[in-house]
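Undergrad: Fold the stuff below for me.
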Amino acid sequence: MPVVCFVTLSRSDYASLRPVATAALADTDIDARIVAGGSHCLKRYGNTLEQILADGLPIHAVATFLDESDDSTAELAAAYARAVSEFVRIFVALSPDYVFVIGDRWEMLAVVSAASMLQIPIAHHSGGDITQGSADNQTRYALTVLSHLHMVALPEHRDRLIHMGEEEWRVITTGEPALTALADYAAAVPDIWTHLSLVPGEPFVLATFHPTSFDTHLPEVQIDIFLQAIDAIDCAIILTAPNPDAASELFLKRYKSFASTRPRVQLHENLGSKIYYAAMAEANFMIGNSSSGMWESSSFKLPVVNIGPRQQGRICGNNVVNCELEFVAISVAIEQVSNAAFRSKLIGENPYVNPLTLTLILNCLKQPHDRARLLAKSFIDPLRLR
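TA: Prediction:
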């Protein structure tokens with residue numbers, strides 16, 4: 001029975017990891033260990049270790065490496081160094097056969113760096129995607145190179161990894177695991193308005209905007225434009241906190257100041273998956289630059305205004321309207337997604353959904369791979385295939 005460490009370090013990866021880890025804990029052929037840490041440990045992100053436990057997942061080890069005040073690139077680089085040391089300690093203690101990680105966050109690079117040095121096979125989900133406007137894009141491909149088994153969301157993602165030189169037997173298309181429980185999550189909160197302290201049936205908009213790595217605008221300008229745009233929206237706004245990236249503390253402070261002077265704006269450090277997805281099911285539209293606007297939203301036929309370059313290149317449904325980080329462009333996009341004719345054409349088909357997602361992922365982990373073959377990756381040189 002393989003011992004598998006499932007690692008979650010932020011709310012962004014937890015939405016995808018939770019269904020996989022829950023299924024693994026129920027599988028008698030896997031010895032699942034849950035490792036949590038990073039922003040889950042921070043007050044400014046809602047102390048979400050408690051949410052993990054409330055969801056019924058035991059936490060076998062906690063990785064503490066982020067400080068409440070970490071915000072600059074230098075502070076995050078120092079946190080990365082601490083994270084590598086933390087995961088060496090944890091993996092030596094737990095002695096896993098595999099380390100399973102999801103996504104493209106910088107924190108996960110510390111996880112796979114430690115596992116790689118300890119010669120522990122790494123299973124990674126979410127390779128082969130593209131988000132040109134974010135440093136996460138580079139991190140994602142670094143994670144791919146260090147990983148030994150690749151679960152990807154779409155056939156296009158698999159093709160990219162194979163063209164990068166990955167052996168075909170290492171790469172399987174599984175769909176996106178965050179989507180496996182959307183209906184259950186939304187149904188678990190039948191009256192989202194009560195949970196959000198809104199009048200029943202009151203229109204509201206979901207807003208999530210993260211600092212963008214490679215935008216031509218400085219972070220101060222990014223947040224100015226975004227807040228100006230959502231200030232013009234004439235209904236309740238449910239605003240969620242940014243990820244722990246450089247300048248996230250600046251964004252969070254500005255959000256708090258903005259919400260404190262506008263009764264119709266609610267700021268939530270962490271809504272939790274059930275409430276967040278229930279809100280997606282009922283919101284008028286979503287605005288910002290979150291990956292949830294690319295992945296989950298089309299399952300709810302939820303119109304999305306996707307701002308700026310952060311998600312550039314990522315496949316999405318016909319519910320997404322892309323626009324520049326510029327007030328007039330955002331206003332035009334808001335008008336478009338608010339139009340009844342636009343909403344009537346939404347088809348609700350999600351390219352990331354695969355009904356066999358969890359089975360495919362767990363079967364890959366349970367397959368009796370030869371450890372030496374896993375670790376000794378062969379590069380398939382594309383030049384020799386010409």
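Undergrad: those strands in the chain, which residues are they?
TA: Using DSSP state E, the strands assigned to the chain run over residues 3-8, 31-37, 61-63, 98-102, 122-125, 149-152, 171-173, 204-208, 236-240, 265-268, 285-288, 304-307, 320-323.
Undergrad: Distance to Ala23 for those - can I get that in CSV?
TA: Any C-beta I mention is one placed from the backbone N, CA and C, and that applies to glycine too. Shown next, in CSV, are those (distance: least, Cβ to Cβ, whole Å):
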stretch, distance to Ala23
strand 3-8, 10
strand 31-37, 9
strand 61-63, 20
strand 98-102, 12
strand 122-125, 13
strand 149-152, 13
strand 171-173, 16
strand 204-208, 27
strand 236-240, 26
strand 265-268, 28
strand 285-288, 28
strand 304-307, 28
strand 320-323, 29
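Undergrad: out of these, nearest to Val353?
TA: Nearest to Val353 among the strands of the chain is strand 171-173 (12.2 Å), distances taken as Cβ to Cβ.
Undergrad: strand partners of that closest one, parallel vs antiparallel please.
TA: Using DSSP bridges, strand 171-173 pairs in its sheet with strand 149-152 (parallel).
Undergrad: hmm, who's touching the strand it pairs with?
TA: 98, 121-129, 144, 158, 161, 166, 170-174, 360-361, 364-365, 369, 374 (Cβ atoms under 8 Å, 6 or more residues apart in numbering).
Undergrad: Skip the chain neighbours and tell me the closest residue to Asp71.
TA: Once flanking residues are discounted, Asp71 sits nearest to Glu249: 3.7 Å by Cβ to Cβ, 6 or more residues apart in numbering.
Undergrad: For the one you found, give its distance to Leu109.
TA: 21 Å (Cβ to Cβ, to the nearest Å).
Undergrad: same check, this time on Ile230
TA: In terms of Cβ to Cβ, Ile230 sits 32 Å off from Leu109.
Undergrad: Can you check which helix is longest in this structure?
TA: Taking DSSP state H as the criterion, the chain has its longest helix at helix 73-94.
Undergrad: which secondary structure elements does it contact?
TA: strand 3-8, strand 31-37, strand 61-63, helix 106-117 (3 or more Cβ pairs under 8 Å, 6 or more residues apart in numbering; DSSP states H and E).
Undergrad: what packs against the last one?
TA: On a contact count with 3+ Cβ pairs under 8 Å, 6+ apart, helix 106-117 meets helix 73-94, strand 98-102, strand 122-125, helix 136-146.
Undergrad: what do you get for the first one?
TA: Strand 3-8 sits against helix 11-26, strand 31-37, helix 73-94, strand 98-102, with contacts defined as 3+ Cβ pairs under 8 Å, 6+ apart.
Undergrad: cool, and the third one?
TA: In this structure, strand 61-63 packs against strand 31-37, helix 73-94, with contacts taken as 3+ Cβ pairs under 8 Å, 6+ apart.
Undergrad: most neighbours per residue, which of those?
TA: Highest mean neighbour count among these (mean count of other Cβ atoms under 10 Å): strand 31-37, with a mean of 23.
Undergrad: Parallel or antiparallel, list what pairs with that one.
TA: Neighbouring strands of strand 31-37 in its sheet, by DSSP bridges, are strand 3-8 (parallel), strand 61-63 (parallel).
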